[in-house]
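K.L.:
quick one: sequence plus predicted model below, questions after.
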Amino acid sequence: MDIIPKHAPVLPDPVPVNKSRFAMPSNLPPRSPTAATFPTPLYLAISLKRAAPGLFDDVLSNGWLDSMASSSPPRRKQCKDTCIDFLQEDTDAPYRSWLMKYPSALSSFEQIAEKASSKRVALFLDYDGTLSPIVDEPDRAFMSKAMRASVQNVSKYVPTAIISGRSRDKVYEFVGLTDLYYAGSHGMDIMGPVRLSEPVDSHPNCFRSTDKQGKEVNLFQPASEFIPMIEEVFRSLVESASEIPGSKVENNKFCVSVHYRNVDETNWAAIAQLVHDTLKQYPRLRLTYGRKVLEIRPVIDWNKGKAVEFLLESLGLDNSDDVLPIYIGDDRTDEDAFEVLRSSGRGFGILVSSLPKETKASYSLRDPSEVMEFLKSLASWTKSPVWQG
């Protein structure tokens, strides 16, 4: 998995065109069996160049389609009856080889438990693709009752935080557990614990508040000045993206997510063009990629890795060698957290993926069902006399 660049690509000015540019040219050839042998971004780029020269040159020449495709792996198709599942056949061998470098956190649990022995564990979890499956409709990315029970159980024994690209309120609505810490908008909106010895103004943009249960908490919002700008961008993109079937724009308070999971691939360039044109008008915003989502975020030195550091500090666990932070996530945005733990040498990341990817994580899990099994194992181990003693 590639590390997200800290700044959006510098792109040339687009060719001046009117709104109708987002309708795909009628002479774009249909995908043929022969063409299907080419990688999708390459075939699509060639088709666009031939059918509409100059129309999407800015997003094509800067590799936006390549990045969109690489961050959006195809779903593995299930084979029925006696047909051969070619996708599974092609990917299983590389995946087994990849597991040699990033072993399963389930099969390696004894090794993980040994590392955690006599240490305090702090657990950080992504939401989409980690606690819930990736679904076509983002508003329906619900976690199962069994997963919620597993998260709640492990949180009884170790401090647990959810760090998501979603807005903090939205991810709290999905998870619905009061004893966790929540960081939304890739860590730009953190609700963390209050330490009695900690002054209120110990961090800029940090203030005391109360949660829905009336408990005093710290709220940390390093990008609070960007809220009006984000709302403006959201309204603009909602209007312009309405021309593209299947697109969805989500306001995550400190970032705007443009989902293209349900957009036909022939319209991906149009989605990219919309986001590109928006970024041109807001130089203090930048682009990052997720799983079939383009995200517009403030240009500040803050990410999920910084959020992990802030929460460890808030928990009083930042300057201690007897702490083992564990971060579980599936997306590019989680790589910043993996890197923080790897570089500090005090913890490790677990990547959730059924396909081989470059990553800074140390271990892997295939999907949310394996995440749940890992959480169950962790809860059982942390409440045992071996760990507590």
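P.N.:
Alright, I've got the coordinates. Residues are numbered from 1 along each chain as shown.
K.L.:
now for the strand or helix carrying Val249, which elements pack on it?
P.N.:
Element membership of Val249 [criterion: DSSP states H and E] is strand 248-251. Packed against strand 248-251 by the contact rule (3 or more C-beta pairs under 8 Å, 6 or more residues apart in numbering; DSSP states H and E) you find helix 227-241, strand 256-259. C-beta: built from backbone N, CA, C; applies to glycine.
K.L.:
what pairs with that strand, parallel or antiparallel?
P.N.:
Using DSSP bridges, the strands paired with strand 248-251 are strand 256-259 (antiparallel).
K.L.:
run through who's touching the strand it pairs with.
P.N.:
138, 165, 230, 233-234, 237, 241, 247-250, 271, 274-275, 290, 292-296 (C-beta atoms under 8 Å, 6 or more residues apart in numbering).
K.L.:
next one: stretch 351-370
P.N.:
In contact with stretch 351-370 (C-beta under 8 Å, 6+ apart) are residues 1-3, 73, 76, 91, 94-95, 97-99, 102-106, 108, 112, 126, 129-133, 143, 147, 328-330, 334-335, 338-339, 342, 348-350, 371, 374.
K.L.:
can you tell me which of these are in helices?
P.N.:
Those of these mapping onto helices are 91, 94-95, 97-99, 112, 147, 335, 338-339, 342, 371, 374, per DSSP state H.
K.L.:
in the stretch 201-350 of the chain, which spans are strands?
P.N.:
206-210, 216-220, 248-251, 256-259, 285-290, 293-298, 323-329, 348-352 (DSSP state E, counting those that start in this stretch).
K.L.:
which non-adjacent residue is nearest the residue most central in space within the chain?
P.N.:
A centroid search over the chain (C-alpha atoms, centre = their mean) returns Asp331, at 4.1 Å, as the residue closest to the centre. Spatially, and ignoring its direct neighbours in sequence, Asp331 is nearest to Gly290 (5.3 Å; C-beta to C-beta, 6 or more residues apart in numbering).
K.L.:
likewise His186?
P.N.:
Gly165 is the one closest to His186 (C-beta to C-beta, 6+ apart), at 5.2 Å.
K.L.:
ditto for Pro193
P.N.:
In space, Pro193 is closest to Ser314, 5.5 Å off (C-beta to C-beta, 6+ apart).
K.L.:
how many other residues sit next to that neighbour?
P.N.:
By other C-beta atoms under 10 Å, 25 other residues sit near Ser314.
K.L.:
likewise Gly176?
P.N.:
Gly176: 12 neighbours (other C-beta under 10 Å).
K.L.:
how close does it get to Arg366?
P.N.:
25 Å (C-beta to C-beta, to the nearest Å).
K.L.:
same question for Ile244.
P.N.:
33 Å.
K.L.:
ok, the two, which is more surrounded?
P.N.:
Per other C-beta under 10 Å, whichever of Ile244 and Arg366 has more neighbours is Ile244, with 21 against 15.
K.L.:
coming back round to it: distance to Glu265, mean pLDDT and mean neighbour count for the strands of the stretch 201-350 of the chain - can I get that in TSV?
P.N.:
Converted to TSV, the strands of the stretch 201-350 of the chain look like this (distance: least, C-beta to C-beta, whole Å; pLDDT from 0 to 100; neighbours: other C-beta atoms under 10 Å):
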stretch	distance to Glu265	mean pLDDT	mean neighbour count
strand 206-210	43	80	13
strand 216-220	39	82	18
strand 248-251	16	96	20
strand 256-259	14	96	24
strand 285-290	16	90	22
strand 293-298	14	94	24
strand 323-329	26	97	25
strand 348-352	25	98	25
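K.L.:
can those strands go into JSON lines with extra columns for distance to Lys306?
P.N.:
Converted to JSON lines, the strands of the stretch 201-350 of the chain look like this (distance: least, C-beta to C-beta, whole Å):
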{"stretch": "strand 206-210", "distance to Lys306": "13"}
{"stretch": "strand 216-220", "distance to Lys306": "10"}
{"stretch": "strand 248-251", "distance to Lys306": "22"}
{"stretch": "strand 256-259", "distance to Lys306": "19"}
{"stretch": "strand 285-290", "distance to Lys306": "14"}
{"stretch": "strand 293-298", "distance to Lys306": "13"}
{"stretch": "strand 323-329", "distance to Lys306": "13"}
{"stretch": "strand 348-352", "distance to Lys306": "15"}
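K.L.:
so for Ser155, which of those strands sits nearest?
P.N.:
For Ser155, the closest of those is strand 323-329, at 12.9 Å, according to C-beta to C-beta.
K.L.:
orientation of that closest one relative to strand 348-352 in degrees?
P.N.:
Angle between the axes of strand 323-329 and strand 348-352 is 20 degrees (criterion: axes from the mean of the first three to the mean of the last three C-alpha atoms, to 10 degrees).
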